[in-house]
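In: got a sequence here, can you model it:
(chains A and B)
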There are 2 protein chains.
Amino acid sequence: MKTAPVDPALPLVAAILLRDSCDCAECRDSSSGQRLRSITDLPADVFVSEARAVGDSVEVLFGPDGHRAVFSRAWLAGQRTPAEDDRTEDAKRLWTARDVAAGLPGQSWPRYLADDRDRETCLAALMRDGFLLLRDVPARPGTVLTVAGSMGYVRETNYGRLFDVRVEATPANLAFTGLPIAPHTDNPYRDPVPTVQLLHCLATAPEGGDSGLVDGFLAAAMLRAEDPSAFEILTRNPVTFAYRDATAELRATRPMIGVDSLGRIREIRFNNRSMQPPRPGRSGSPEQTAAFYAAYRAFAEVIGRPDLMLTFRLGPGDCVVFDNTRVLHARTGFGGAGRRHLQGCYTDLDGVASALALLRRARAAAG
Amino acid sequence: MKTAPVDPALPLVAAILLRDSCDCAECRDSSSGQRLRSITDLPADVFVSEARAVGDSVEVLFGPDGHRAVFSRAWLAGQRTPAEDDRTEDAKRLWTARDVAAGLPGQSWPRYLADDRDRETCLAALMRDGFLLLRDVPARPGTVLTVAGSMGYVRETNYGRLFDVRVEATPANLAFTGLPIAPHTDNPYRDPVPTVQLLHCLATAPEGGDSGLVDGFLAAAMLRAEDPSAFEILTRNPVTFAYRDATAELRATRPMIGVDSLGRIREIRFNNRSMQPPRPGRSGSPEQTAAFYAAYRAFAEVIGRPDLMLTFRLGPGDCVVFDNTRVLHARTGFGGAGRRHLQGCYTDLDGVASALALLRRARAAAG
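Out: Modelled structure (predicted):
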């Protein structure tokens, strides 16, 4: 017998979704919460044969298998809100230099360590704004790994668990010179790319060596608004980034602006040092190549606008942490060989998001 | 003065690509090979003002900046071949169980260690076929980390640098029970997902616990051929995968079948245990949800075809290594609590590809 819906949300939810969402002991493992049934274990022709209100819940009887499930009204109401992807532009607060004028998001390292609420605020800023400045981090070599370990797991690469950024005699990378470095994301030639970078200052140069950050999601969104066809070209054309030295040979082919399947900006790769010129192939025309370069130039020009770049000077004990899938970093040139010394390492956003979720869970549990 | 082209490939390549490809000491750092110029440093109206043959090379004079560059004819000819992305289906050899009947790709661990050529063959198989079986790996705890270190860098997660797969009293994950596990990719709730998984067998169960592998790229390609609209639905709809225990709360939202911007299959995420039912939102209809589930069911049915699953039994000292963005793994149920014991860890494909490229480079240099 079919009955009239007992909850306004019920008819809006497909029967198969309801059946798949059942969390009774037959459908979900009580210990791990993991689903015990595969989609192919559920009847393809499942339907709601009966539904009745039970307090704040709705009990549903399914046909043809006769399975019974209980859903809270809160869960049913939640189906009206689509799942959010916290890695796309929708979940971010985009910024220009002026928006951050009131002060860089961040905290003193001892307080970050001592106070869960401060740490939660910091990690939330990293997820939402794409960066974070920790101060008073002891200027001792290796401490950057402790900072990374406080929010995730160190991603080791061919550069080591950590790398030193200072002037080298025979640099394998321009990072290890005193030259200025234009805004870029790190390691675009790696896939998976490291999603978080940390740079910890141990010593500063007498002059120059200032740091800059640009919100790449904002730059991409501006390009989309001002020159939609350039934006489209950069999302549709995979670009090869490559790096080669004595101990590594890395290559990744991905679009400069990565969007999700709904078109939302999700990942920026931008690095003039390691980007390889596109190879047109037999079917590519010079006109197509020129259009790609014009789009690339347009994006570079947006990124280079002075009002987009937040500039600051790292002093000993400062550690900047940023989302390497979104925020481009830069530095001005400097002299005084051997003076400026940063240590860097990588970690990943999934670990940061997990650490943040655990802090929120603990706070919710505490009351 | 403009001259007639001196190489048939020259007019097919856009002037801006030529200008951007110049590797003279002004344009590229001689030590690192990295580009010194940004796109915005190059004139937007660049053109080839003169070109002349010089032996096996072509010398190009650009206007309006008067820059001079030299390109080999081999490089020019190479522009006819588009860059390959070694992570998409185009670069893979797809397989069914029968294709592997002649023997699993792999090697004895001591030979893999001792012989560069054998190691190269093994890593090439991992990149091309998506998996590899190493035998005679000492069945001592922790050795899986040595195997991972031979081809890349260990990706640490909340499960540790390595994890034990055996029956536990209060399992946080069904992997740690004796239950059968349907074909799946690991950690789809992580982003970046670990791209390579290793499982090293220390002890076997008296019965059951057999391993299975399915080529997810082949399954996706079959779905595309048989049911294009189901394929399309799975590439276009991000799905949330989630995992939660006392020490982690992970969530990633990505399509089940990830394609690149040219539509090529590039990444599979499939895991009935951690997949969250889609939340339709205000704009989603029950019909759309039902269509998504029908597509998901169709993909699950292809994956479940017996001729797709390669089955084998890991013995002590066997270590299977597979591409977790492509190959699904499964196991049959088993009894004998506490007997079967595997150790697993994760590493990444970019490190494997780099190790392989270095072996090839060394072989080419040797002659």
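
In: which parts of the stretch 101-250 of chain A are helices?
Out: With DSSP state H, counting those that start in this stretch as the definition, the stretch 101-250 of chain A shows helices at residue ranges A:109-114, A:116-129, A:143-149, A:216-226, A:228-236.

In: most neighbours per residue, which of these?
Out: Highest mean neighbour count of the helices of the stretch 101-250 of chain A: helix A:216-226, a mean of 21 (counted as mean count of other Cβ atoms under 10 Å in any protein chain shown). C-betas here are computed from N, CA, C, even on glycine.

In: now A:Asp245: closest residue in space, sequence neighbours ignored.
Out: What sits nearest to A:Asp245 in space, not counting adjacent residues and going by Cβ to Cβ, 6 or more residues apart in numbering or on different chains, is A:Ala172, at 4.5 Å.

In: go on, A:Arg297?
Out: Distance criterion Cβ to Cβ, 6+ apart; nearest residue to A:Arg297, sequence neighbours excluded, is B:Ile39 at 5.0 Å.

In: can you check A:Leu314 too?
Out: Closest residue to A:Leu314 in three dimensions, ignoring its sequence neighbours and counting by Cβ to Cβ, 6+ apart: A:Cys201, at 3.9 Å.

In: that older thread, out of the helices of the stretch 101-250 of chain A, the one nearest chain B is which?
Out: Distances from chain B to each of the helices of the stretch 101-250 of chain A were compared by Cβ to the nearest Cβ, and the smallest falls on helix A:228-236, at 4.7 Å.

In: list the contacts for the residue nearest to A:Asp245?
Out: The contact partners of A:Ala172, by Cβ atoms under 8 Å, 6 or more residues apart in numbering or on different chains, come to A:Asp245, A:Ala246, B:Ser31, B:Ser32.

In: quick one: pLDDT of it?
Out: Model confidence at A:Ala172, expressed as pLDDT, equals 78.

In: pretty sure A:Arg190 is in contact with A:Arg254, am I right?
Out: No: with contacts counted by Cβ atoms under 8 Å, A:Arg190 stays clear of A:Arg254, the gap being 10.2 Å.

In: higher neighbour count, these two?
Out: Counting neighbours by other Cβ atoms under 10 Å in any protein chain shown for A:Arg190 and for A:Arg254 shows that A:Arg190 has the greater number, 27 against 21.

In: that one and B:Arg297, how far apart?
Out: Distance, A:Arg190 to B:Arg297, by Cβ to Cβ, to the nearest Å: 36 Å.

In: need the residues of the stretch 101-250 of chain A near chain B, please.
Out: A:153-158, A:170-174, A:177, A:179, A:182, A:190-193, A:195, A:235-238, A:240, A:244-245, A:247-250 (Cβ under 8 Å from any Cβ of the partner chain).

In: from these, list just the buried residues.
Out: A:153-158, A:171-174, A:177, A:182, A:190-193, A:195, A:235, A:237-238, A:240, A:244, A:248-250 (16 or more other Cβ atoms under 10 Å in any protein chain shown).

In: which of the residues you listed fall in strands?
Out: Under the assignment DSSP state E, those contribute A:Ala182, A:Pro238, A:Thr240, A:Arg244, A:Ala248, A:Glu249, A:Leu250 to strands.

In: which residues in the stretch 1-150 of chain A form strands?
Out: Here the stretch 1-150 of chain A has its strands, by DSSP state E, counting those that start in this stretch, at A:47-54, A:57-63, A:68-72, A:106-108, A:131-135.

In: most tightly surrounded among those?
Out: The highest mean neighbour count among the strands of the stretch 1-150 of chain A belongs to strand A:131-135 (a mean of 22), with neighbours defined as mean count of other Cβ under 10 Å.

In: check contacts around A:His184.
Out: A:His184 makes contacts with A:Phe270, A:Asn271, A:Asn272, A:Arg273, A:Leu328, A:His329, A:Ala330, as judged by Cβ under 8 Å, 6+ apart.

In: near chain B, which of those show up?
Out: A:Asn272, A:Arg273.

In: burial count for A:Ala365?
Out: By other Cβ under 10 Å, the burial measure for A:Ala365, its neighbour count, is 7.

In: still on that earlier bit, quick one: the strands of the stretch 1-150 of chain A as CSV, columns for mean pLDDT and distance to B:Phe163 too.
Out: Putting those into CSV (pLDDT from 0 to 100; distance: least, Cβ to Cβ, whole Å) gives the following:
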stretch, mean pLDDT, distance to B:Phe163
strand A:47-54, 95, 40
strand A:57-63, 96, 36
strand A:68-72, 96, 33
strand A:106-108, 94, 33
strand A:131-135, 98, 30
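
In: just put the ones you listed in a markdown table and tack on distance to B:Ala74.
Out: Rendered in a markdown table, the data for the strands of the stretch 1-150 of chain A read as follows (distance: least, Cβ to Cβ, whole Å):
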| stretch | distance to B:Ala74 |
| --- | --- |
| strand A:47-54 | 65 |
| strand A:57-63 | 66 |
| strand A:68-72 | 66 |
| strand A:106-108 | 51 |
| strand A:131-135 | 44 |
